[in-house]
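*Asks:* Any chance you could fold what I've pasted below:
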Amino acid sequence: MTTTVQAQRSEGRKAKPDHLGHVIFITAAAAMGGFLFGYDSSVINGAVEAIRGRYDIGSAALAQVVAIALIGSAIGAATAGRIADRIGRIRVMQIAAVLFTVSAVGSALPFALWDLAMWRVLGGIGIGMASVIGPAYIAEVAPPAYRGRLASFQQAAIVIGIAVSQLVNYAILNLADGDQRGKIAGLEAWQWMLGVMVIPAVLYGLLSFAIPESPRYLISVGRVDRAKEVLREVEGKTVDLDVRADEIEQAMRSEHKSTFKDLLGGRFGLLPVVWIGVGLSVFQQLVGINVAFYYSSTLWQSVGVDPSSSFFYSFTTSIINILGTVIAMVFVDKIGRKPLALIGSIGMAVSLALVAWAFSANLVDGKLPHTEGVVALVAAHVFVLFFALSWGVVVWVLLGEMFPNKIRAAALGVAASAQWIANWAITASFPSLSDWNLSGTYILYTAFALLSIPFILKWVPETKGKALEEMG
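*Replies:* You can find the predicted model right below:
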């Protein structure tokens, strides 16, 4: 590579787009998939007890209806990349938007438990697709100088989606006089909760028509002139478009398409770094974080909190989640990945232990005693805060950085699959475990938080300040 070309590429990486506001709009539109990801993942929280009552089902069957969306998510995540390479990133967004829309309508108007589960699976496929295509598209479109900050839009959109779903659920419950099965315009409140997702789903679909296709995809299908137009649009007029297009094309030619075979070779089948990635993904879920988003209303009602207050606490938990995510985004590059993860693990272990202690108290008139109730409420919020400021963000940062280039794509796929499976296991098991012993369930989550500490200290690498090419 000549010195002139190197200089041109270096300048291209520093270039500021002429219309940064437009670039932010493009990124925000793509991150709308993350908003739907968060919204759909959490909105079921408001419908759990109503679905139990409507269909007269036990905890095991209820858990499957709630968790079955995660099976769809695994399918969507596994297929989105290949589909995007064939038909483009924008088309995949539009497919996900259609699936979200159909799922919302079907979930709001089910005629039996089995079709409610089917609509949940369809929505889950949309979640899986959005979870993959959003970050990929943003990374391919964002100007290099702004890529890190713009990439954070996806995680921010997810936590905002969670918060908005809880706020909408709370508003709908109040309209129904605090009854999840109360009627509003002929439908029960929980049906409106699931159906309102039609609005952001349609908006996501419409926004997908207002943003350009990825330059990387356009070059891959021979539409180089259109790719240069998009590059000019997002990277600025001062960038040498011929050099940038050539840089993308050369990178694509030299890429190694990693497969599962590349991950084999360690003592226990997979390479050690892959097992570390799997461990990060699994620990992130085994501390029980999704119980806070899927079942928090049910959890608080089980210890005597009235439905309206339980929905309000679910909303405040979501606000804490946003706050913690912002803290993580500020500090992850300042203090490093490992220290932040350790702080989170210690904070989660202490707060989960306090929740377990509070739930061990005998109920008085169907409620926790005052002291234990306050401790449970505060500790549950503190748990979400420590998760959000550490493992909620750090795991995704580490998974994106720690694998060698040769195996990055395949290793990320395995780690993400492990995360969906662990998520399903926690989500599906919680109702039955809580029926068995609520305090014991939280002792189990506390144990996983404690086990994550030696795991971080011994095996997790620090990737702060290292180039991706240094990972080996």
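*Asks:* okay, CA-based contacts and neighbour counts for the rest of this
*Replies:* Will do.
*Asks:* Do you have the helices of the stretch 151-300 of the chain handy? List them.
*Replies:* Assigned by DSSP state H, counting those that start in this stretch, the helices in the stretch 151-300 of the chain fall at 189-195, 198-208, 215-220, 224-235, 241-254, 272-286, 289-294, 296-302.
*Asks:* cool, and the stretch 1-150 of the chain?
*Replies:* Using DSSP H, counting those that start in this stretch, helices in the stretch 1-150 of the chain cover 3-14, 20-43, 48-55, 59-87, 89-108, 113-141, 147-175.
*Asks:* Distance to Leu377 and mean neighbour count for the ones you listed - can I get that in a markdown table?
*Replies:* Below are the helices of the stretch 1-150 of the chain laid out as a markdown table (distance: least, C-alpha to C-alpha, whole Å; neighbours: other C-alpha atoms under 10 Å):
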| stretch | distance to Leu377 | mean neighbour count |
| --- | --- | --- |
| helix 3-14 | 47 | 14 |
| helix 20-43 | 19 | 24 |
| helix 48-55 | 20 | 16 |
| helix 59-87 | 23 | 20 |
| helix 89-108 | 31 | 24 |
| helix 113-141 | 30 | 24 |
| helix 147-175 | 17 | 22 |
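*Asks:* thinking again about what came up before, give me whichever of the helices of the stretch 151-300 of the chain is most buried.
*Replies:* With neighbours taken as mean count of other C-alpha atoms under 10 Å, these reach their highest mean count in helix 189-195, at a mean of 25.
*Asks:* residues making contact with it?
*Replies:* 43-44, 46-47, 50-51, 104-105, 107-109, 168-169, 172-173, 176, 179-183 (C-alpha atoms under 8 Å, 6 or more residues apart in numbering).
*Asks:* before we move on, what about stretch 171-180?
*Replies:* Identification of contacts with stretch 171-180 by C-alpha under 8 Å, 6+ apart yields 46-47, 49-50, 182-184, 188-190, 192-193, 307-308.
*Asks:* Please repeat the previous calculation with a cut-off of 7 Å.
*Replies:* Here stretch 171-180 makes contact (C-alpha atoms under 7 Å, 6 or more residues apart in numbering) with 50, 182-184, 189-190, 193, 307-308.
*Asks:* Then stretch 64-79?
*Replies:* Contacts for stretch 64-79 (C-alpha under 7 Å, 6+ apart): 44, 117, 120-129, 131-132, 417, 420, 424, 427-428.
*Asks:* In the protein, which helix is the longest?
*Replies:* As assigned by DSSP state H, the longest helix anywhere in the chain is helix 408-459.
*Asks:* tell me the angle that one makes with helix 59-87.
*Replies:* Orientation check (axes from the mean of the first three to the mean of the last three C-alpha atoms, to 10 degrees): helix 408-459 against helix 59-87 gives 130 degrees.
*Asks:* If you count contacts, what does helix 408-459 end up packed against?
*Replies:* Here helix 408-459 touches helix 59-87, helix 272-286, helix 337-359, going by 3 or more C-alpha pairs under 7 Å, 6 or more residues apart in numbering; DSSP states H and E.
*Asks:* run the last query once more with 8 Å
*Replies:* If you count contacts as 3 or more C-alpha pairs under 8 Å, 6 or more residues apart in numbering; DSSP states H and E, helix 408-459 packs onto helix 59-87, helix 272-286, helix 289-294, helix 337-359, helix 391-401.
*Asks:* Nearest to Asp225, out of the ones you listed?
*Replies:* Closest to Asp225 of these, according to C-alpha to C-alpha: helix 59-87, at 18.2 Å.
*Asks:* Give me the distance from that closest one to the chain's centre.
*Replies:* 13 Å (C-alpha atoms, centre = their mean, to the nearest Å).
*Asks:* what does stretch 340-359 give?
*Replies:* Counting by C-alpha atoms, centre = their mean, stretch 340-359 comes out at 21 Å from the chain centroid.
*Asks:* mean confidence for that stretch?
*Replies:* Mean pLDDT, computed over stretch 340-359, is 96.
*Asks:* Repeat that for stretch 304-315.
*Replies:* Per-residue pLDDT over stretch 304-315 has a mean of 80.
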